[in-house]
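S.K.: missing the sequence, but the structure's below:
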């Protein structure tokens, strides 16, 4: 018994070690996955701000790269009316444009012979601003307006003087000559075609030419308050605001995570300022971690389930091995005893010693009893196999209940004179069943009642009664009883209850054979038992009345 305990203790230690290993792995996996998720969210906080910046500055970029170059389409023939219409479309589309200043420019032959230079003059200056339902325009001229014009005209003169009309100017040359970007202001001068540049260069060579060419320039004054912040990642950034580049709050108590992205071009004096409290990002980390944690948990449960299945299968295999071992051991013992007795009786019969008639009959009786015992064992095993394989067909016959029960009682009283058996029958006289199968059931249950009872309490009460559509057979003894934890196992094949009263030797097939018999007859068998008080086996079969 001590050896068994040690084996079970080792198995238990292995199970605990496996559970600890899996659990530690699970915890480490959760910790690593949470740390990686936290790091990933932090990296996204520092990298995704460029997407917010792109979406916020998208209208500005559209104005700069698409709308402003449309001025060139007019090729210098943009007048105040068309400039007002153009400005109105700009104000409606880009709310950060505060006003536009339109310059109507003439380019003519220089008035002096030295130095040779183009004569670039402003005919008129118009200023437009958004009004109620339209655009408000006014003619204007101021020192600041002329300073913008003089800067751009100087660039134009230099460009014309140095331009190679045999090829198209590069984008870098165009940008440096015809664009000027200042804080919250963009100045754009109409980009002339190569043919126009040739005409301008011809003017430098022909002093007496009266040709005049038109040119346009527009200044866009911007207001950063018109920019709309588009927070495309609200899960990362709780607050996004436009701040000056030099903005750095003094009262930052490290409760917020901060990121910055400077604006390009005319808004380069400003930046997008991103702030999120740690708790806000932790909530996003937890939200993203939940499916990962659930997946890790499912893997953990799956591994536990696999471990349990492996343990269960090993346990079943061990039990099966034990049952097979017990079966071989018990059947060997059961066969060995009668074989030994037969061999001894046969040896005595073959001896040279002359036997009396009484001795000869005694040895013949022994041989007959032991042969019957061997035959019963063989028949039980064969019948059990036939029942499992449905190789037996029930032959239902009319059974007179009292005669049937009394016949088995008389047989057992002859076999076991000390066996006290009484019976009672209620509500049934005859019914249809297979007498051979029912007889096997009676024989096994009555044999068990005698075998597992104390010598002074070998008693059995058989009660037969009809319950609605069933007939119930009760076998109540006053034997050693069955432990509660053993009751669920006693009907299993090769299972044998281990206790101090089980000295008779058994193959563990008796009750399993009864269970198979009852199932084959479409019935049911149950047991009620208490240790040292006795057991009651109740067999319920379908009742088929005899005609």
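M.R.: Now that the structure is in, tell me what you want to look at. These numbers were taken from a predicted model, which means no experiment stands behind them.

S.K.: Could you pull out the helices in this structure for me?
M.R.: Taking DSSP state H to define them, one finds helices in the chain at 2-47, 49-62, 80-93, 143-162, 171-178, 194-205, 278-350, 357-388, 401-415, 435-451, 510-520.

S.K.: and the third one, what does it pack onto?
M.R.: So that's helix 80-93. strand 97-108, strand 119-131, strand 134-139, strand 212-222 (3 or more CB pairs under 8 Å, 6 or more residues apart in numbering; DSSP states H and E). All C-beta spots, glycine's among them, are computed from the backbone N, C-alpha and C.

S.K.: Looking at the ones you listed, which is nearest to residue 348?
M.R.: With CB to CB as the criterion, residue 348 lies closest to strand 212-222 of the helices and strands packed on helix 80-93, at 128.5 Å.

S.K.: ok so, going back, and the helices and strands packed on helix 80-93, which one averages the lowest pLDDT?
M.R.: Mean pLDDT is lowest for strand 134-139 among the helices and strands packed on helix 80-93, at a mean of 79.

S.K.: what's the nearest residue to residue 15 if we skip its chain neighbours?
M.R.: residue 311 (6.7 Å; CB to CB, 6 or more residues apart in numbering).

S.K.: no no, residue 215
M.R.: Here the residue nearest residue 215, using CB to CB, 6+ apart, is residue 105, at 4.0 Å.

S.K.: next one: residue 91
M.R.: Per CB to CB, 6+ apart, closest to residue 91 is residue 130, 4.0 Å.

S.K.: Could you list the low-pLDDT ranges of the stretch 101-250 of the chain?
M.R.: By pLDDT under 70, the weakly predicted segments of the stretch 101-250 of the chain are 111-116, 133, 141-144, 207-209.

S.K.: on that earlier part again, what's the distance between the residue nearest to residue 215 and residue 87?
M.R.: 17 Å (CB to CB, to the nearest Å).

S.K.: for residue 24, same thing?
M.R.: 71 Å.

S.K.: what about these two, which has more around it?
M.R.: residue 87 (25 against 10; other CB atoms under 10 Å).

S.K.: Now residue 230. Nearest residue, chain neighbours left out?
M.R.: residue 55 (4.1 Å).

S.K.: wait, isn't the one you found in contact with residue 232?
M.R.: Yes. Assessed by CB atoms under 8 Å, residue 55 is found in contact with residue 232 at 5.3 Å.

S.K.: circling back: quick one, which of the helices of the chain is nearest to residue 215?
M.R.: It's helix 143-162; of the helices of the chain, that one is closest to residue 215 (CB to CB) at 7.7 Å.

S.K.: so how far is the closest one from its chain's centroid?
M.R.: Distance of helix 143-162 from the chain centroid (CA atoms, centre = their mean, to the nearest Å) equals 69 Å.

S.K.: do stretch 173-186 as well
M.R.: 57 Å.

S.K.: contacting residues around it?
M.R.: Here stretch 173-186 makes contact (CB atoms under 8 Å, 6 or more residues apart in numbering) with 64, 68, 148, 151-152, 155-156, 158-159, 169, 187-191, 219-224, 265-269.

S.K.: Then stretch 529-539?
M.R.: 441, 445, 449, 452, 472-483, 487, 514, 518, 523-528.

S.K.: In strands, which of the residues you listed appear?
M.R.: 472-477, 524-528 (DSSP state E).

S.K.: Export those residues to CSV and append columns for distance to residue 183, pLDDT and neighbour count.
M.R.: Below are the ones in strands among the contacts of stretch 529-539 laid out as CSV (distance: CB to CB, whole Å; pLDDT from 0 to 100; neighbours: other CB atoms under 10 Å):
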residue, distance to residue 183, pLDDT, neighbour count
472, 104, 93, 19
473, 107, 94, 22
474, 106, 94, 18
475, 107, 95, 23
476, 107, 94, 17
477, 108, 93, 25
524, 96, 93, 14
525, 99, 93, 19
526, 96, 93, 13
527, 98, 93, 14
528, 99, 92, 14
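
S.K.: Looking at the residues you listed, which two lie furthest apart in space?
M.R.: 477 and 524 (19.8 Å).

S.K.: Tell me where the model's unsure across the stretch 401-547 of the chain.
M.R.: Residues of the stretch 401-547 of the chain that meet the cut-off, pLDDT under 70, sit at 494, 498-508, 545-547.

S.K.: Recalculate using a threshold of 90.
M.R.: 407-417, 427-441, 443-444, 447-457, 467-469, 479-522, 530-533, 543-547 (pLDDT under 90).

S.K.: The stretch 251-400 of the chain too?
M.R.: Using pLDDT under 90, the stretch 251-400 of the chain drops low at 251-256, 307-399.

S.K.: Run a quick neighbour tally on the nearest residue to residue 268 once chain neighbours are set aside.
M.R.: Leaving out its chain neighbours, the residue that sits closest to residue 268 by CB to CB, 6+ apart is residue 262, at 6.5 Å. By the criterion of other CB under 10 Å, residue 262 has 12 neighbours.

S.K.: ok, back up a step: which of the ones in strands among the contacts of stretch 529-539 lies closest to residue 75?
M.R.: residue 524 (105.0 Å).

S.K.: Which residues does stretch 290-298 contact?
M.R.: So stretch 290-298 is contacted by 26, 29-30, 33-34, 37 (CB under 8 Å, 6+ apart).

S.K.: One more pass at 6 Å, please.
M.R.: 29-30, 33 (CB atoms under 6 Å, 6 or more residues apart in numbering).

S.K.: domains of this structure?
M.R.: 56-226, 393-542 (automatic domain parsing).

S.K.: which one of these lies closest to residue 302?
M.R.: domain 393-542 (29.6 Å).

S.K.: what's the span of that closest one, first residue to last?
M.R.: 17 Å (CA to CA, to the nearest Å).

S.K.: Over to stretch 123-137?
M.R.: Start-to-end, stretch 123-137 (CA to CA) is 16 Å.

S.K.: Just give me how far it sits from the chain centre.
M.R.: For stretch 123-137, the distance to the chain centre is 63 Å (CA atoms, centre = their mean).

S.K.: buried sites along that stretch?
M.R.: 125-130, 135, 137 (16 or more other CB atoms under 10 Å).

S.K.: need these in TSV with distance to residue 295, can you?
M.R.: Output for these, formatted as TSV (distance: CB to CB, whole Å):
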residue	distance to residue 295
125	68
126	66
127	64
128	60
129	59
130	55
135	59
137	65
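
S.K.: Out of these, flag the one nearest to residue 393.
M.R.: Proximity of the buried residues of stretch 123-137 to residue 393 (CB to CB) peaks at residue 130, which lies at 103.4 Å.

S.K.: unless I'm mixing things up, the closest one is touching residue 90, no?
M.R.: No. Counting by CB atoms under 6 Å, residue 90 is not a contact partner of residue 130; they are 9.1 Å apart.

S.K.: Overlap in contacts, these two.
M.R.: Common contacts of residue 130 and residue 90 (CB under 6 Å, 6+ apart): none found.

S.K.: rewinding a little: what's the spacing between the residue nearest to residue 15 and residue 223?
M.R.: Counting by CB to CB - residue 311 and residue 223 are separated by 74 Å.

S.K.: same check, this time on residue 363
M.R.: In terms of CB to CB, residue 363 sits 128 Å off from residue 223.
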